[in-house]
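[1] take a look and give me a structure for this.
(chains A, B, C and D)
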Amino acid sequence: MEVIEQGLGQLFMNPDPDLLRAFFQLKDRKMVNKVMTLKNAVEKFVHDGDYLAIGGFGANRTPIAACHEIVRQGKKNMGFAGHTATHDMQILSAGEVYNRLDVAYVVGLEARGLSACSRKYLQSGKVQTTEWTNYALSVRLQAAAMGVPYLPARNMMGTDTFKYSAAKTALCPYTGKKLVLLPALSPDVSIIHVHESDIFGNCRFKGIAVADKELANASKRLIITTEKLISSNEIKQDPSSTSIPYHLVDAVCVVPFGGYPGTMAGEYFSDEEHLKEWMTAEKDADKFKAFLNKNIYECKDHEEYIRINGGQVKMQELRAKELLLNKEG
Amino acid sequence: MEVIEQGLGQLFMNPDPDLLRAFFQLKDRKMVNKVMTLKNAVEKFVHDGDYLAIGGFGANRTPIAACHEIVRQGKKNMGFAGHTATHDMQILSAGEVYNRLDVAYVVGLEARGLSACSRKYLQSGKVQTTEWTNYALSVRLQAAAMGVPYLPARNMMGTDTFKYSAAKTALCPYTGKKLVLLPALSPDVSIIHVHESDIFGNCRFKGIAVADKELANASKRLIITTEKLISSNEIKQDPSSTSIPYHLVDAVCVVPFGGYPGTMAGEYFSDEEHLKEWMTAEKDADKFKAFLNKNIYECKDHEEYIRINGGQVKMQELRAKELLLNKEG
Amino acid sequence: MADYNSMELMISVAARELENGATVGVGTGAPCAAAMLAQKISAPDLVIIFEAGGFGPELPEMPISVGDSRTTYRAIKAGSMGETMDYCSRGFVDYTFLGGAQIDMYGNLNSTVIGDYANPKVRFPGSGGANDFASFCWKMMVMTPQDSKRFVEKLDFLTTPGWLQGGNSREKSGLPLGAGPYKIITNMAVMDFEPNSKRMRIISINPGYSLKDVQDNCGFELLKAEKIADTLPPTEKELRILREEVDPYGYVIGRS
Amino acid sequence: MADYNSMELMISVAARELENGATVGVGTGAPCAAAMLAQKISAPDLVIIFEAGGFGPELPEMPISVGDSRTTYRAIKAGSMGETMDYCSRGFVDYTFLGGAQIDMYGNLNSTVIGDYANPKVRFPGSGGANDFASFCWKMMVMTPQDSKRFVEKLDFLTTPGWLQGGNSREKSGLPLGAGPYKIITNMAVMDFEPNSKRMRIISINPGYSLKDVQDNCGFELLKAEKIADTLPPTEKELRILREEVDPYGYVIGRS
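    Numbering: from 1, shown residues only, chains lettered A, B, ... in the order given. The predicted structure follows:
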């Protein structure tokens, strides 16, 4: 297979499916209770130097509590999939957790503007970056999920996004058309936030799936944070609705409002005031240090984080906003 | 891209995604009432010579009523995706509807044995065959759904299944490993049976998905047969549950028990007696002719077919069997 | 004639491009406002698509993220990013609106860096789904304020494909055939692309601006259509619906 | 000692291979019976997988199709064929049971045609999911009656990969590394594959049969393990559970 062009970027993960197969062959498939604290799960399954991916989209159904815990535990030198990354990346940048970054969408918080902290970290020279697109990262995860070293696509070609990627182009042997070949991406560890899970890790989320099914399938280790536990019986009564089956999961952490200050479909809307506080604090080094101390480093856990940012009253306001209750008169 | 090996089989459909794009660019996307009789839908959207694919798995959630109607209308010279094909293929073989066949699973009815009729037709020399596997056809549909000319996989290699396929092998430019490249398959027309649909074609099925999402996405034209209609409002209240969105759909045909004598998950189990009647009748040319006349050619529609094979009493028996009501004491 | 600002003008002009029954892939902000406005005026069956998975919602208000719950409110489907982009890739999506820090004469966009890639002056978000939408959707449009810093001779980084180097270069790149930039809508004018060279071309000028204004605020030479029209300003109806129904809090149009 | 037939023996022997916590891809009939028996005796956490999408059901009775509702009864997930096979492809599935009209000394299987491909004497179903399972699952097993017409020197058609031409030929074929045929269980004996040549090798002989019987009913020369064991017959418990709980109507074991 003749490669026509090749991106200049570094490929951070080996796309060889036989390595992934060898790992999964030994992964325990017994249906055992995997419930543990988020602190324990991060200690056990997130290691310095690992390649990390975070589920959800931007600040929607994103395991924010887990991002805080990673920063709190001072994880370093990680690779990171900057796939629709917004507030999650802002937190991980504040902790300087990663030094290798696959870029699809980074430093921005969509309509909310750009994160001074993420931008500063990316401009510091401490982070090696390789460029992709949102779809490209989704397809790369899908390749790993399918147990193949790459999948072809028709985006990226002709651009600097390709030039600074680690992708290759080659001609299709059926049509003679040029295609971009996207190498499989199997993160060492991923974290996905869901609406409900049983103690074994059979779980369900609602609303958009983003690339979380691909991510769950592609990842070597997977931590689930869940709004609540449900019985295994409930899963078995409606197997068409299972989003992620238990055997992919290493840890189940019960974290109510675990996506706060982001949105959780059908449960709570994002806390725009608190996100603005982040964006403002970032602009001043001293203020930001104090802000991080208060909200992460000196904060025991997510429950405390929520308490100091408005507690249950705020959560109920965000629920009302999510459910558009104001429109009901 | 250097091809290492190439199957001897014929590729029945052009895998060029730009042809598919040109078709979909012009496909009407307006949300209009698509409800029509199955007779009208088959007249309008199934043409002699078209390449046809049938949803479901074997005799599970399979649009049997539509297969009868295709035979009744005497469609000929079709291509057919013999993808987990069992009773559907038995019916289409009885009508000698197709003359080109992509084989994954054919002539058998799983644990029920082999169909004399399908086997005789395949051994007649009237049908050109190309070999694949169930997963290979699923991946070929997925390639068309993704708008790419092929997807790589790691099955088929080293076998005669590959040798008599129309697949190619080539080395992966990332790992140097040999991969099989499976060409996209976009059927001209497909038929999928579902549990419920609105009048626009937004529909839901339950239980296993088999390859029906891939098939719906890959197909140029799509006929939905549905157990019942539901309101569009019901679809919109739970968009996470939509199996197939309306814009892929050309016709919605309301056919209660449309999967009979096969199984419809949660609704009715297969009619094993009637399937045995088929298998027995096939063995004698005269008997089979009479059987087909009675059950297809002289049968007005699926309602009549059901009436002459046990009617509502039988349907309620099959419902009880599906729901394992005997186990409830 | 009604009083209006340039954002209201651009959104109104953009909305008119979206015919009934079409599909459009949008982000937050002005693109979403344009799609919502089109639905309420002339294209009730316009299908709005969000890259994160929202398909055909009845938007109750402007989403703040392309993945927030508004994007699946009474939607046809809440799917995945892969499903949505596959849908674009196989040719189902007619329009998309994109933007960037820089745009060149072929409609290529930069949303990655200002300065050198390895040592950037300013790091921007990168492609996100922009490169994907621009590669796959048939007609790509841009709404943007116009000035010479943004409309540049040479991009610092080509994030998202327009007509690449013009002529048939896009066709030869491997990108799907027949798709590409369609209209560029600025505060001053509306541009399309000359069919052979694929260079940006002025086709209408907005009220209050001259041809010279348009060229003076562009870092490359603009072609001119044989007949240059006057852009029709927003109608009373467009402004009323935009202000009262689409963006009552003025998030995008800057009024409230 | 209990009275039993050869199907009951094969299923019991097969079930013993399936350890607790393992995953197994099965079809209808004997493979499914073996998996159900294993669950009820020694491997309660054995995960049964069906190619059509059923994952980890609590089978209430023998399914008649690998896609019928029994395959998702109280299951972990009712998914798609793609999901299931992807799961196999990336190395999550330990065992599979397959069969065919012919098998050769390397464990390759034919389920496509007898006679010439273009002009077959008998047309069989083809691969179905067999080639996929055999390509992806770590250890492929076969339960089959043994005779010289079935155990052949040369297959009429190689549908499903065993060790291909033996030696390292499978490794070089492009198929995933480390997977391949593991045990062949017949009415007469149990065979494995000699690690270097990858040729079929007798490792134990079933009650009532001799080494000569086994070789006489095989169309190629079988290797012999250094120590050939006696296959343990079905226990009372195995037979009771098989007859009363797994297959009470005798669909597979031929008793009722």
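[2] and the helices in the chain?
    Looking at chain A here, since you left the chain open. A:17-26, A:38-45, A:64-72, A:87-94, A:116-122, A:134-145, A:160-163, A:212-218, A:232-237, A:272-281, A:285-292, A:302-308, A:311-322 (DSSP state H).
[3] was after chain C, sorry
    C:6-16, C:30-41, C:81-89, C:130-136, C:169-173, C:211-216, C:236-241.
[4] show me what the first one is packed up against.
    Applying 3 or more CB pairs under 8 Å, 6 or more residues apart in numbering or on different chains; DSSP states H and E, one finds that helix C:6-16 contacts helix C:30-41, strand C:139-144, strand C:180-186, helix C:236-241. C-betas here are computed from N, CA, C, even on glycine.
[5] now do the longest one against helix C:6-16, angle only.
    Spelled out, that is helix C:30-41. Interaxial angle, helix C:30-41 versus helix C:6-16 (axes from the mean of the first three to the mean of the last three CA atoms, to 10 degrees): 60 degrees.
[6] identify the residues contacting helix C:30-41?
    By CB atoms under 8 Å, 6 or more residues apart in numbering or on different chains, the residues outside helix C:30-41 that reach it are C:7, C:10-12, C:14-16, C:18, C:24, C:26, C:46, C:48, C:59, C:62-63, C:96-98, C:143, C:237-238, C:241-242, C:245-247, C:252-253.
[7] what does stretch A:260-273 give?
    A:56, A:58-62, A:64-65, A:87, A:112, A:193, A:195, A:205-208, A:227, A:257, A:259, A:274-275, A:302, A:305-306, A:309-310, A:314-315, A:318-319, A:321-323, C:64-65, C:67-69, C:72, C:78.
[8] now a PyMOL select for only the buried ones of those.
    Buried residues within the contacts of stretch A:260-273, by 16 or more other CB atoms under 10 Å in any protein chain shown, are selected in PyMOL with:
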select buried, (chain A and resi 56+58+59+60+61+62+64+65+87+112+193+195+205+206+207+208+227+257+259+274+275+302+305+306+309+310+314+315+318+319+321+322) or (chain C and resi 64+65+67+68+69+72+78)
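[9] just say which of the helices of chain C is most tucked in.
    helix C:130-136 (a mean of 30; mean count of other CB atoms under 10 Å in any protein chain shown).
[10] and that one with chain A, contact?
    Yes: Helix C:130-136 comes into contact with chain A (CB under 8 Å from any CB of the partner chain), by way of C:Ala130, C:Asn131, C:Asp132, C:Ser135, C:Phe136.
[11] redo the helices and strands packed on helix C:6-16 as CSV? Include distance to A:Ala116.
    Shown next, in CSV, are those (distance: least, CB to CB, whole Å):
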stretch, distance to A:Ala116
helix C:30-41, 24
strand C:139-144, 23
strand C:180-186, 28
helix C:236-241, 36
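[12] could you dump the ones you listed into JSON lines and include mean pLDDT and distance to B:Pro183?
    Listed next are the helices and strands packed on helix C:6-16 as JSON lines, based on pLDDT from 0 to 100; distance: least, CB to CB, whole Å:
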{"stretch": "helix C:30-41", "mean pLDDT": "97", "distance to B:Pro183": "36"}
{"stretch": "strand C:139-144", "mean pLDDT": "98", "distance to B:Pro183": "29"}
{"stretch": "strand C:180-186", "mean pLDDT": "98", "distance to B:Pro183": "27"}
{"stretch": "helix C:236-241", "mean pLDDT": "97", "distance to B:Pro183": "48"}
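[13] and the stretch 1-150 of chain A, which residues reach chain D?
    Going by CB under 8 Å from any CB, the residues of the stretch 1-150 of chain A near chain D are A:17-18, A:20-25, A:27-31, A:144-148.
[14] any of those residues buried? List them.
    Buried subset of those (neighbour count, 16+ other CB under 10 Å): A:Pro17, A:Asp18, A:Leu20, A:Arg21, A:Phe24, A:Arg29, A:Met31, A:Ala144, A:Ala145, A:Met146, A:Gly147, A:Val148.
[15] chain neighbours aside, what residue packs nearest to residue 20?
    No chain was given, so I picked chain A. A:Ser186 (5.2 Å; CB to CB, 6 or more residues apart in numbering or on different chains).
[16] look at chain C instead
    With sequence-adjacent residues excluded and distances taken as CB to CB, 6+ apart, C:Asn20 is closest to C:Ala43, at 4.1 Å.
[17] and the residue of chain C found nearest chain D, how far from A:Asn60?
    Going by CB to the nearest CB, chain D is nearest to C:Gly82 of chain C, at 12.0 Å. For C:Gly82, the distance to A:Asn60 (CB to CB, to the nearest Å) stands at 16 Å.
[18] where does chain A have low pLDDT?
    Across chain A, residues meeting the criterion (pLDDT under 70) sit at A:1, A:329.
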